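Chemist: let's see this in three dimensions:
(2 chains)
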Amino acid sequence: MTLRKISKEQPDNFEFTEENLNEVNKIIKKYPEGKKQSAVMSLLYLAQKQNDNWIPLSAMKYIGKLLEMPYVKVYEVATFYTMYNLTPVGKNFIQVCTTTPCMIRGAYKLVEACKEKISENENEFVKEKNCSWMEVECLGACINAPMMQINDDYYEDLDKEKTLKILDQIISGKKPEPGSYRGRLNSEPENNRKTLLDIKNA
Amino acid sequence: MLKLKVNDIDVEIEEGLTVLQACEKAGVEIPRFCYHEKLSIAGNCRMCLVEMEKSPKPIASCAMPAADGMVIKTNTPKIEKSRKGVMEFLLANHPLDCPVCDQGGECDLQDQSMFYGIDKSRFKENKRAVPDKNMGPLIRTQMTRCIHCTRCIRFATEIAGVPELGAIGRGEDMQITTYLEKSIQSELSGNVIDLCPVGALTSKPYVFEARPWELKKTESIDVMDAVGSNIRVDTYDWEVKRVLPIINEDINEEWISDKTRYACDGLLNQRLDTPFIKYNGKFEKASWEEVFKIIKSKIENTSKDKIAGFVGDLSNMESSYIFKEFFDRTLDSSNYESRSSNYYVDNSERENYIFNSSIKGIEDAGLIFLIGANPRFEATILNARIRKSFLNNNTKIISLNDVGDLTYSYEKLDGQTKTIVDIFQGRNDLSKKIISTKKPLIILGESFFKIESAKYIFDLIKNYLKKNNKISSEWNSLNKLTSDAATVGSLDLNIINHNENMFDGLNNHKYEIIYLLGQDDLKFSKKDEFIIYQGSHGDKGAEIADIILPSSAYTEQNGYFTNLEGKLQKSYKASYPPGEAKEDWQIINELAEFMNNRKLFNDKDELESSMFNFINLKRENKNLQKSNIEINNSFKNEKLLVDYKSYYFSNVIARASKTMLDCHNSKIGVKRTGTYG
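Modeler: Numbering: from 1, shown residues only, chains lettered A, B, ... in the order given. Have a look, this model is predicted:
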């Protein structure tokens, strides 16, 4: 839960970019007049996206003002939900799924890879690498286990070597191709099988 | 009307009430933590579970609307078991530190665990520990004790109108905090201490002072503002340890302002405990007889029109009355005055100087127009009513001036007196609004009465309202917002000079002897005047005095106070004055006896009956004096300045209080806060 602790280092200012402001107006319009507080979660998410995957206090204040609601109410929402990060996590935020199906398929190997490449402990922001990693609960891609999520993309069917390679690329600033790393299209069966009956013991 | 059955007792209740209220009507007590009559319903403590017929599970009675034909059971084994279960969960993380907890003895959790708690714990894990929060100089936090009832959050958001408290995190990690741990910017913040059902929020100045069962409790009346909040004064020996509210739905509901609650430590500091005489600029202790002798010889050698008396803002009505009698009968003079500056007031009719709509009436108002008033600081509890009206009825509130955050949003006008004249001559949009509203409320602050053309505008407003039938037996929309406890009482007693402007006299050094009865707010430079100060605290008045007569504060003598809506209430003696100090009426009575060998009154009863006789006569307009002073009755446009005493330093007791100083320091420079700031 360390990520929900407020970071000690805070930027002085936060403002939405022009592009995001247009988005904000669109979001606010979805709700009836006088009920724009309802947009708080979407706006927090937008702020998180704009600000390298974390929400500074100034952003909460900014959103509170924008939606004409008390700051503490924004603060409450931001601290309630686990997917809002309140400390810097780096431009590349790596979430490794370690729930049962992934774990059985070797998720801890991925964790090892992260420990080698990024930091000994999870939730440790490594500034020079501009990333951090954490274990998370099920990300809903069990059929492609083990897997991890980097920002918005899923990297699936991994093992330790593949993970190390992906992490190398990430750290050097490249963006590896998301998706299955065993050549599968989405979550379809391997080797062009159409049904599970074709080969026994698949 | 709905008909329910609670434990086989038939009850009939109004629609819209909850099952819990129905149970209370049936005389069945339901344990609760999060539910509170004055706050919105949260339903999160689950302590109020009851069994309802046809419901497979117990229901939270506080959140369940009552419906016709419900059959409720509260005394079944199932309910007892579920309450025990809830209590066990609440206690799982609650520390067992009652012996060092200030709430001990008046703690809801402690009381209820006596009924529903089990005597051992099955919880072997480590208890949760929560860091304490900084909530300013008044509220001490011990957040590990918090059971997350959220009463404090709801109070701050709904009643106090400062949405600064919130619950951050979730589940076991949930914590109650102010935004970034700043102190609460409210004058009602102390009430969260009463609301807290456990010892998470306790009083900081009262920390480890006393246990509730050691204290002597006296029900009394507050004098920190003119609202006249009903309070309970808790004393240990002669020390006033704390002040708590008692419920009076017509006045303070169940809240009191921070000044009322916390200024009581000022009763222990700066006290005058013996008579003093000033020799060569230095005060020296003296006996009562010595000071009386000096006063007697001084008065005998001075012509009576050169003696002046001023009554202060905290004097009870008996003291003021006997002071007036002393001047009338012993000195044969009418040079007494209760105002502290020359503002306009016409006390020939009572409706001119009281809050006619009554505090409760604010809830019915359709429109509130504030002229020269900042109710947040002048009458905090009354401001909470305005906020209530604003929230419940969406009442439109207009203020002539921009007076900062009032905890509700209001329309601001330009602050020129010309605007008032326009409105009440029917030349403004607002004029129509006032006429078309069934129950408008015009609140005139004390700052309004200080302007030059106060009489002209006041008469204009009054006539306009009368003409449009807004002053009638049903609804009187003309209101004066008084800020001092003694003001209305003194005006009722006619302690106002009708013959001369005493403030001019003061500034021209006309008077040779000035007798101040707890009056510390006079603005004049002392020259050769001989000043007698009678009061409880060494403050501005005592500083300039030549003779000090030590008297009692409001908790140390019985006395009547009339609050701003004209309600007469009696405050009771909870403690006794320090040292040689005496009650105000006694001092004056003895001084009169010393001078004339004749007491003014034989005892307090005689004084009281004489006073009430006077008030009754005045109400029937039998002893009224017409004012002989020329009052400016023309109009001049000016900017109305809303000027009020600094909230935390408005009277001698507050000024002597360390807590009030801390509050002031923690809030310095903070004027506009909250959502609408």
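
Chemist: where do the strands sit along chain A?
Modeler: A:92-97, A:131-136, A:148-150, A:153-156, A:179-180 (DSSP state E).

Chemist: same list (those strands) but as JSON lines, adding mean neighbour count.
Modeler: For every residue, glycine as well, the C-beta is placed using N, CA and C. Formatted as JSON lines, the strands of chain A follow (neighbours: other Cβ atoms under 10 Å in any protein chain shown):
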{"stretch": "strand A:92-97", "mean neighbour count": "23"}
{"stretch": "strand A:131-136", "mean neighbour count": "23"}
{"stretch": "strand A:148-150", "mean neighbour count": "22"}
{"stretch": "strand A:153-156", "mean neighbour count": "20"}
{"stretch": "strand A:179-180", "mean neighbour count": "18"}
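
Chemist: what residues are up against the most centrally placed residue in chain A?
Modeler: Nearest residue to the geometric centre of chain A (Cα atoms, centre = their mean): A:N151, 4.4 Å. Taking Cβ atoms under 8 Å, 6 or more residues apart in numbering or on different chains, we find A:N151 in contact with A:N53, A:N92, A:F93.

Chemist: once you drop chain neighbours, what's closest to the first one?
Modeler: If I follow you right, that is A:N53. Sequence neighbours aside, A:F93 is the residue nearest to A:N53 in space, at 4.4 Å (criterion: Cβ to Cβ, 6 or more residues apart in numbering or on different chains).

Chemist: hmm, the one you found is touching A:N85, no?
Modeler: Yes. Using Cβ atoms under 8 Å, A:F93 is in contact with A:N85, at 7.2 Å.

Chemist: list residues touching both of these two?
Modeler: What both A:F93 and A:N85 touch, as defined by Cβ under 8 Å, 6+ apart, is the set A:N53.

Chemist: which residues of chain B lie near chain A?
Modeler: Contact residues (Cβ under 8 Å from any Cβ of the partner chain) of chain B with chain A: B:157, B:163-170, B:173, B:178-180, B:674-675.

Chemist: which of those residues tops the neighbour count?
Modeler: B:L165 (27 neighbours; other Cβ atoms under 10 Å in any protein chain shown).

Chemist: how about the residues of chain A near chain B?
Modeler: A:1, A:4, A:57, A:68-73, A:75-76, A:79-80.

Chemist: ok, 6 Å please
Modeler: Selection of chain A residues close to chain B by Cβ under 6 Å from any Cβ of the partner chain yields A:P70, A:Y71, A:V72, A:E76, A:T79, A:F80.

Chemist: contacts for the lowest-mean-pLDDT helix or strand in chain B next, please.
Modeler: Within chain B, no helix or strand scores below helix B:658-667, which has a mean of 88 by mean pLDDT, DSSP states H and E. Here helix B:658-667 makes contact (Cβ atoms under 6 Å, 6 or more residues apart in numbering or on different chains) with B:G136, B:P137, B:S183, B:P205, B:Y262, B:A263, B:D265, B:Y648, B:A654.

Chemist: please redo it, this time with the cut-off set to 8 Å
Modeler: Residues from elsewhere that reach helix B:658-667 (Cβ under 8 Å, 6+ apart): B:136-138, B:183, B:185, B:205, B:258-259, B:262-263, B:265-266, B:269, B:646, B:648-649, B:654.

Chemist: buried subset of these as a PyMOL selection?
Modeler: Of these, the buried ones can be selected in PyMOL as follows, counting by 16 or more other Cβ atoms under 10 Å in any protein chain shown:
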select buried, chain B and resi 136+137+138+183+185+205+258+259+262+263+265+266+648+649+654
